[in-house]
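Visitor: Provided below are the primary sequence and the corresponding predicted coordinates.
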Amino acid sequence: MALQALLETIEKLHKLHRSLLEISRLKTDHLKSNDMDGLQKQLLAEKKHVQAVTQLEKLRIKQTEAYAVASGLSVPSSVSKLLELITDQKLAFQFEQELIGLTETVTELKKQEALNRQLLEQSMQFLQISLDMLAPSIQSLNYGTPNQDQQRRQNRALFDSKA
C-alpha cells in the first residue's frame, strides 16, 4: 500500500514536469514572438507548478522514508535505491518506467530552459545595442574635440582692449 502511494506521487511528479515542459515551450514561443503579456502569464503558471512540484517532492521523500522504516530497511537516499528492494516485479517495472519517464522529462525541461535563457540573453543584448545606438554619448554631442574648446576659451581675454 505504501509503495502504491509512492508510485502515485511519482506519477503526479511526472505529470507536473510534463506540464512544466509544455509551459517552457510556450515561453519559448512567446519570447520568439515578443509577446510579453503571454510570457508573463506563463511565468505565473510556471511559479504555481514549481510550488506544487516542491510539495510533491517533500511528500515523496516522506513516503520513501516511511516505506524504508516500515520494511526495516535503512533509509535509502533515493527512489532508485528503493527500486532495487521491491520484490513485486510488476510494481518494480511500473516504478522503473515512471522514473525513466520522469528523468527524460526533466532532462528535456533543462534543455528547453537553457534555450529560453539564451533567447533572453540575446534579447537583452539586442536591447542594449539598440539603446546604445539611440542614446548618443556626451562626446558625440560636441562635434569638436575637447582640446579645441579649451583653446578657444584661453584665447578670449576678459577685457577686449581693441574696443
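Guide: That came in fine, so what should we check first? Numbers count the residues shown, from 1 in each chain.

Visitor: how close does Gly38 get to Leu31?
Guide: To Leu31, Gly38 is 9 Å away according to C-beta to C-beta, to the nearest Å. The C-beta positions use only the backbone N, C-alpha and C, and glycine is treated the same way.

Visitor: who's more crowded, the two?
Guide: Leu31 (20 against 15; other C-beta atoms under 10 Å).

Visitor: the closest residue to that one other than its chain neighbours - how many residues pack around it?
Guide: Closest residue to Leu31 apart from its sequence neighbours, by C-beta to C-beta, 6 or more residues apart in numbering: Leu119 at 4.5 Å. Leu119 has 15 neighbouring residues, counting by other C-beta under 10 Å.

Visitor: what sits against Leu119?
Guide: Contact analysis of Leu119 by C-beta atoms under 8 Å, 6 or more residues apart in numbering lists 28, 31-32.

Visitor: helix, strand or coil for it?
Guide: Put simply, Leu119 is helix when judged by DSSP: H, G, I helix; E, B strand; the rest coil.

Visitor: for Gln125, see how far away it is.
Guide: 11 Å.

Visitor: show me what contacts the residue nearest the centre of the chain?
Guide: Note on the chain: the residue nearest the mean C-alpha position is Glu113, at 5.3 Å, using C-alpha atoms, centre = their mean. Neighbour list for Glu113: Ser24 [criterion: C-beta under 8 Å, 6+ apart].

Visitor: again, 10 Å this time
Guide: Neighbouring residues of Glu113 by C-beta atoms under 10 Å, 6 or more residues apart in numbering: 20-21, 24, 27-28, 46.

Visitor: measure how far the host helix or strand of it is from the centre of its chain, please.
Guide: Using DSSP states H and E, Glu113 maps to helix 89-134. Averaging C-alpha positions (C-alpha atoms, centre = their mean, to the nearest Å) puts helix 89-134 7 Å from its chain's average.

Visitor: now swap in stretch 17-27 and tell me
Guide: 11 Å.

Visitor: give the buried residues for it.
Guide: In terms of neighbour count (16 or more other C-beta atoms under 10 Å), stretch 17-27 has its buried residues at 17, 19-21, 23-27.
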